[in-house]
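**Student:** missing the sequence, but the structure's below:
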């Protein structure tokens with residue numbers, strides 16, 4: 001069983017390496033020693049506006065996207081946001097400003113699902129980029145982590161498809177990966193299927209290197225890795241920017 005799982009996870013890393021444009025992506029899982037949960041988030045871009053971004057770590061442990069060259073910023077609405085925030089043991093990671101929607105909902109007694117019920121895919125026709133989100137919440141013992149995707153039905157505005165994946169137990173050494181697109185195209189095809197099983201290691205730098213190297217060199221922009229100690233809640237954060 002372990003060999004099959006490892007082969008499956010490695011196979012997806014190989015598939016990711018051959019994918020020119022998976023878009024923005026999230027991985028959540030656990031280190032092999034089982035002591036820490038892991039969140040990985042990356043961004044990619046094809047246009048000059050999309051590539052004009054870096055991750056900036058704030059003193060409070062939040063991370064925001066910021067224009068690398070403010071003079072070249074043409075439309076901040078879908079590219080400037082907080083991809084990770086945390087409060088009271090809840091650690092949020094998303095590909096857009098729904099981070100704040102989830103954060104505010106949890107602060108006022110709402111849930112991950114109720115927050116995302118108020119949102120839809122991004123209004124960037126004709127792609128209608130999916131909103132992908134993840135949550136690790138130490139206050140809820142019923143699950144280890146959750147992943148969500150809100151996407152259009154076939155790149156049209158008729159319907160929002162809403163999928164939430166709840167993982168009751170983290171598997172040491174593995175995580176689940178979801179990203180916005182199946183690959184390059186015009187319009188860009190939305191991610192299909194369930195989140196994929198992927199490998200993780202005990203070392204935060206090794207995790208960052210694994211996923212950074214798997215991303216298309218021309219289109220990758222920034223990546224972050226966050227680890228959360230399961231017992232203490234202590235966190236470690238590593239940010240990688242292409243430029």
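**Tutor:** The structure has been received and is ready for your questions. Bear in mind that the values here come from a model prediction, so they are computed numbers and not experimental data.
**Student:** Only C-alpha atoms from now on, for both contacts and neighbour counts.
**Tutor:** Will do.
**Student:** Mind checking the pLDDT average for stretch 110-128?
**Tutor:** Across stretch 110-128, pLDDT averages out at 97.
**Student:** ok, and what's touching that stretch?
**Tutor:** 78, 98, 101-102, 105-106, 129-131, 135, 150-152, 155-156, 160, 164, 186-189 (CA atoms under 8 Å, 6 or more residues apart in numbering).
**Student:** Just the ones of these in strands?
**Tutor:** 131, 135, 150, 151, 152, 160, 164 (DSSP state E).
**Student:** Out of those, grab the one that's most surrounded.
**Tutor:** residue 151 (27 neighbours; other CA atoms under 10 Å).
**Student:** Isn't it up against residue 158?
**Tutor:** No. Using CA atoms under 8 Å, residue 151 is not in contact with residue 158, being 10.9 Å away.
**Student:** Run a quick neighbour tally on residue 182.
**Tutor:** So residue 182, with other CA under 10 Å, has 19 neighbours.
**Student:** Would you mind measuring from residue 24 to residue 126?
**Tutor:** Plainly put, residue 24 is 17 Å away from residue 126 if you go by CA to CA, to the nearest Å.
**Student:** Between the two, tell me which one has more neighbours.
**Tutor:** Legend: neighbour count by other CA under 10 Å for residue 24 and residue 126, higher for residue 24 (25 against 12).
**Student:** Now for that one: which residues touch it?
**Tutor:** By CA under 8 Å, 6+ apart, residue 24 lies in contact with 41, 42, 43, 44, 95, 179, 180, 181.
**Student:** where does this structure have low pLDDT?
**Tutor:** Counting by pLDDT under 70, the low-confidence segments of the chain come to 1-3.
**Student:** Strands of that one, residue ranges please.
**Tutor:** Using DSSP E, strands in the chain cover 25-30, 36-44, 53-57, 63-67, 84-87, 90-94, 131-137, 145-152, 160-167, 174-179, 196-199, 220-229, 235-241.
**Student:** I would like the residues contacting the longest one, please.
**Tutor:** Contacts made with strand 220-229 from outside it, assessed by CA under 8 Å, 6+ apart, are listed as 35-45, 51, 53-55, 204, 207-208, 212, 234-243.
**Student:** ok, now the second one?
**Tutor:** The set of residues external to strand 36-44 that reach it, using CA under 8 Å, 6+ apart, is 21, 23-31, 50-51, 83, 93-94, 170, 175, 208, 219-230.
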